[in-house]
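Q: Sequence isn't available, so here's the structure alone:
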């Protein structure tokens, strides 16, 4: 397991822009998410001013268990953004008004350098008629690791939660989208260690990863805002040899796409 540097401060940076909220969208089910073979999406990924590019595409049908999914791949099997990384080499399928993900959510590029078991089966990543703050899916687990000779226990919960429904939204890169829905992906952890026979909390019930995914009708995800963060006491940080806080904020913007 890599060091606990993967965690970062507790604030989520939400975009300041003029959004027109429409209550009539709450119960709408005819929201189209195009998952046809050959569809692709290209994103600029902004990591604190460092810009990279991700290309995400649907390559083929794939069987997971006994069900048929659309296989999601990235160009040259590389991804720097949270959204592309979380879908890479996984399968998605529609079921009624839901979009389900099966595969392994293990993330690279230092986004989540910790050995969590994030293998998922039909994890709901979108629901067309979900109400605001409705929990869609949950994955929980416990792992035991060693950091700087200290035994560490990590309890974690991964959740997908429905967000707002928005009639018209201006993305931070100034593109305008209509009929927009938001899905939140949240990773909450509690971490403790044992020092001289005493169980000591390191992090208690903190949302260390929060990703807001903005989804447009007939297009798909056009913007993702992800914050990875943590905050611990100076005493524990000194014992483990890690910073008291750390923050990473990433934005992904759709720049080109083809859907059918």
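A: Perfect, thanks for sending it. None of these values were measured; they are calculated from a predicted model.

Q: going forward, measure contacts between C-alpha atoms and count neighbours the same way
A: Will do.

Q: any low-confidence regions in the stretch 101-250 of the chain?
A: Across the stretch 101-250 of the chain, residues meeting the criterion (pLDDT under 70) sit at 106-115.

Q: now the helices for the stretch 1-150 of the chain?
A: With DSSP state H, counting those that start in this stretch as the criterion, the stretch 1-150 of the chain has helices at 82-87.

Q: count of neighbours near residue 77?
A: Counted with other C-alpha atoms under 10 Å, the burial measure for residue 77 works out to 12 neighbours.

Q: And it, how far from residue 84?
A: Distance, residue 77 to residue 84, using C-alpha to C-alpha, to the nearest Å: 10 Å.

Q: Please report phi then psi for residue 197.
A: When read as degrees, to the nearest 10, the backbone of residue 197 gives phi 80, psi 0.

Q: burial measure for it, as a count.
A: 7.

Q: Once you drop chain neighbours, what's closest to residue 207?
A: residue 188 (4.2 Å; C-alpha to C-alpha, 6 or more residues apart in numbering).

Q: Just say helix, strand or coil for that neighbour.
A: strand (DSSP: H, G, I helix; E, B strand; the rest coil).

Q: Give me the neighbour count for it.
A: 18.

Q: Tell me the bridge partners for it.
A: With DSSP bridges applied, residue 188 shows beta-bridge pairing to residue 157, residue 207.

Q: mind listing what it touches?
A: 156-158, 205-209 (C-alpha atoms under 8 Å, 6 or more residues apart in numbering).

Q: can you do 7 Å?
A: 156-158, 205-208 (C-alpha atoms under 7 Å, 6 or more residues apart in numbering).

Q: Give me the distance between residue 123 and residue 159.
A: From residue 123 to residue 159 the distance is 9 Å (C-alpha to C-alpha).

Q: And for residue 221?
A: 18 Å.

Q: Can you pull the phi/psi pair for residue 88?
A: Main-chain dihedrals, residue 88, degrees, to the nearest 10: phi -60, psi 130.

Q: begin at 55 from here
A: I'll keep to 55 as the first residue from here, and by that count the last item is residue 142.

Q: any idea of the pLDDT on it?
A: pLDDT recorded at residue 142 is 93.

Q: partner residues bridging the closest residue to it other than its chain neighbours?
A: Spatial nearest neighbour of residue 142, excluding adjacent residues (C-alpha to C-alpha, 6+ apart): residue 127 at 5.0 Å. Judged by DSSP bridges, the bridge partners of residue 127 are residue 111.

Q: give me every residue that touches the residue lying closest to residue 108 once chain neighbours are set aside.
A: With sequence-adjacent residues excluded and distances taken as C-alpha to C-alpha, 6+ apart, residue 108 is closest to residue 97, at 5.2 Å. Taking C-alpha under 7 Å, 6+ apart, we find residue 97 in contact with 107-109, 306-309.

Q: The residues you listed, buried ones only, as a ChimeraX selection?
A: The following ChimeraX line selects those of those that are buried, judged by 16 or more other C-alpha atoms under 10 Å:
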select :107,108,109,306,307,308
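
Q: between the contacts of residue 97, which is nearest residue 226?
A: residue 307 (8.3 Å; C-alpha to C-alpha).

Q: from the middle of its chain, how far away would stretch 241-252 be?
A: Between the centre of stretch 241-252 and the centre of its chain there are 24 Å (C-alpha atoms, centre = their mean, to the nearest Å).

Q: meant to ask about stretch 136-153
A: Here stretch 136-153 is found 11 Å from its chain centre; the criterion is C-alpha atoms, centre = their mean.

Q: cool, and stretch 277-295?
A: 18 Å.

Q: Which residues does that stretch contact?
A: The contact list for stretch 277-295, computed with C-alpha under 7 Å, 6+ apart, reads 61-64, 66, 137, 201-202, 256-257, 262-268, 297-308.
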